[in-house]
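> Structure, please.
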Amino acid sequence: MGRKRVERKRRTVFPDPKYLDVTVAKFTNMIMTGGNKSVAQKILYDSFELIQQRLSEDPVKVFKKALDNIKPNVEVRSRRVGGANYQIPVEVKSFRKQALAMRWLRDYAKDRSEKTMVEKMAAEIIEAYNKRGGAMKKRDDTHRMAEANQAFAHFQW
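Numbering: from 1, shown residues only. Just a heads-up that it's a prediction; the model follows:
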């Protein structure tokens, strides 16, 4: 890998067919395993229906609010300075914020104890919407870690 920092081209993601939303399409792609997009869409759409039933609100708005609640503002990056590794707090770029939030939401939904993935996903989205749950805890831990290492902020590159 080269040493130069080259900005890579971002691929365009087309909106999903049902809700015509790019964020939903990105999350569908993130859920997808083994190229089974229709399975991933079914899981997400069914969990949206479950959210609709439980909260009686627009599920896409609930999903976006949940993602906004989970998005981290700062994270720590490891940097080697004079033979020692320091955890340096760095502001997170917007596309990475969204990617981290989606990844945490997916991973913590998988780890839940409900029976089906639809129920797990719906429950984790609702928890994140209410500022609770595993993904929210991960965000708080990330912020806490960055705050604890604030003394090394002057090593930023």
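
> What score does the residue nearest to Phe95 when sequence neighbours are not counted have for pLDDT?
Using Cβ to Cβ, 6 or more residues apart in numbering and skipping the chain neighbours, the partner closest in space to Phe95 is Arg10 (7.1 Å). From N, CA and C alone the C-beta is placed, and that goes for glycine too. Note on Arg10: pLDDT of 86.

> Just want the most central residue of this protein.
Ala101 (1.5 Å; Cα atoms, centre = their mean).

> Okay, it and Gly35: tell me how far apart.
24 Å (Cβ to Cβ, to the nearest Å).

> what do you get for Asp140?
Distance of Asp140 to Gly35, given as Cβ to Cβ: 34 Å.

> Likewise for Ala25?
From Ala25 to Gly35 the distance is 15 Å (Cβ to Cβ).

> now do Arg132
Taking Cβ to Cβ, one finds Arg132 at 33 Å from Gly35.

> okay, those two: which has more neighbours?
Shown here are Arg132 and Gly35; by other Cβ atoms under 10 Å, Arg132 has more neighbours (13 against 8).

> Which parts of the chain are strands?
Secondary structure of the chain (DSSP state E): strands located at 74-81, 84-91.

> Okay, now the sheet partners of the last one, with direction.
Spelled out, that is strand 84-91. strand 74-81 (antiparallel) (DSSP bridges).

> so who does Ile126 touch?
By Cβ atoms under 8 Å, 6 or more residues apart in numbering, the contact set of Ile126 is Ile51, Arg54, Leu55, Val62, Ala66.

> one more time with 7 Å, if that's ok
Ile51, Arg54, Leu55 (Cβ atoms under 7 Å, 6 or more residues apart in numbering).

> I figured the last one was touching Lys65, is that so?
No: look at Leu55 against Lys65 with Cβ atoms under 7 Å: they stay out of range, at 10.7 Å.

> so where do the helices sit in this protein?
Using DSSP state H, the helices of the chain run over 22-31, 37-55, 59-70, 94-110, 117-129, 134-148.

> Okay, now the unreliable bits of the chain?
Applying pLDDT under 70 to the chain picks out residues 1-2, 155-157.

> how about stretch 140-148: buried residues?
Thr142, His143, Ala146 (16 or more other Cβ atoms under 10 Å).

> Hmm, Val13 and Lys26 touching each other?
Yes: between Lys26 and Val13 there is a contact at 5.3 Å, judged by Cβ under 7 Å.
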